[in-house]
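K.L.:
Let's see this in three dimensions:
(one chain, ligands or ions: 2)
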Amino acid sequence: MKTTKLHKYIVPDLNINFVDRDREYEKLLELIRYGEETKPEHSLNLVITGPWGCGKTEFMRATTHALQQDPEILITYMNLPKAAVREEFYIATEDSVVEALENLVKELVGDRAKLLLHLYNIVKYIAKRLNLKGRKLVLIFDEVTVPLNRYRLTIRDLVTGLSKEIYDIAHEHRCQVHVILLTSEQTAAKTLQERRR
Ligand SMILES: Nc1ncnc2c1ncn2[C@@H]1O[C@H](COP(=O)(O)OP(=O)(O)OP(=O)(O)O)[C@@H](O)[C@H]1O
Ligand SMILES: [Mg+2]
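P.N.:
Ligands and ions are numbered 1, 2, ... in the order given. Below is the predicted model:
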C-alpha cells in the first residue's frame with residue numbers, strides 16, 4: 001500500500017500515528033506523477049490552503065517523512081515562520097540539502113524566510129551536491145503569507161512568477177520541480193484585506 005509509510009509517521013505533539021489523508025496523499029502522488037518517468041514538463045506548483053488547524057502542516061510533515069528515503073524523490077519541508085530554530089525549520093530534510101540551503105542563506109539570501117524568493121538558486125545549490133537528473137524535487141514552504149507580505153507580494157504573484165520559472169529550472173537540471181505552498185485561509189484573507197485598505 002502506498003500509504004503505509006505515511007501512517008508510520010508519529011505526530012510529535014500527540015505521540016500518535018498519523019491518521020487518514022490517504023486520498024489526499026494519493027492525489028499528491030498522482031499530481032507529481034510518482035512512479036512515472038521524470039519529465040521537466042511535468043513540473044507543477046501546488047498551493048494547499050484550508051482553515052486554521054485543519055492539518056495542512058502535519059500532512060506535509062508526514063508526506064516528507066514518507067518520501068524521504070525514496071530514490072525517485074528529493075523532498076524538503078521548510079517552515080518559514082520558524083526561522084530561528086534549524087530543526088523546526090527543515091523537517092526530515094536530507095543533511096546535504098540542509099547544508100546547501102544554509103550556505104545559500106549565508107552567502108546570498110540573508111534570511112531563511114527569503115528562500116521562498118530564490119528558487120533558481122535553491123535548485124542550483126542542491127544540484128552542486130546531489131544529482132537531480134531524473135528525480136522529482138519537491139520543495140514545501142509552510143506559512144508563506146506573512147513572509148510574502150513583507151515583500152509586498154501575494155501568493156498569486158509568487159505562483160505567477162514560479163509557473164514560468166520551474167520549467168526553465170527543471171529543463172536545466174533535467175529533473176521535475178514541484179513547489180508546494182501552504183497557507184491558512186484566514187491568514188491569506190486577512191493579509192489581502194489589509195493590503196486592500
Ligand atoms: N492526519 C492527522 N493525524 C493525526 N493528527 C493530526 C493529523 N492532522 C493534523 N493533526 C494534528 O492536528 C493539529 C492541527 O494540525 P496542523 O498544525 O497540521 O494544522 P494546520 O492546518 O497546519 O494549522 P495552521 O493553519 O494553524 O497552520 C496538530 O496538533 C496536528 O498534529
Ligand atoms: Mg500549519
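K.L.:
Is the residue nearest in space to the middle of the chain in a helix, a strand, or coil?
P.N.:
With distances taken as CA atoms, centre = their mean, the residue of the chain nearest its centroid is residue 140 (0.7 Å). Three-state call for residue 140 (DSSP: H, G, I helix; E, B strand; the rest coil): strand.
K.L.:
Bridge partners for it, pull those for me.
P.N.:
Beta-bridge partners of residue 140, counted by DSSP bridges, are residue 77, residue 180.
K.L.:
Can you give me the buried ones in the helix or strand bottoming out on mean pLDDT in the chain?
P.N.:
Least confident helix or strand of the chain, by mean pLDDT, DSSP states H and E, is helix 185-196 with a mean of 77. By neighbour count on 16 or more other CB atoms under 10 Å, the buried set for helix 185-196 is 187, 188, 191. All C-beta atoms are positioned from the backbone trio N, CA, C, and that covers glycine.
K.L.:
what about it, near ligand 1?
P.N.:
No: shown here: helix 185-196 not in contact with ligand 1 (CB under 6 Å from any ligand atom), separated by at least 7.2 Å.
K.L.:
same deal with stretch 167-180?
P.N.:
No: for stretch 167-180 and ligand 1, the contact criterion (CB under 6 Å from any ligand atom) is not met; the two come no nearer than 12.8 Å.
K.L.:
Show me how far that stretch is from its chain's centre.
P.N.:
13 Å (CA atoms, centre = their mean, to the nearest Å).
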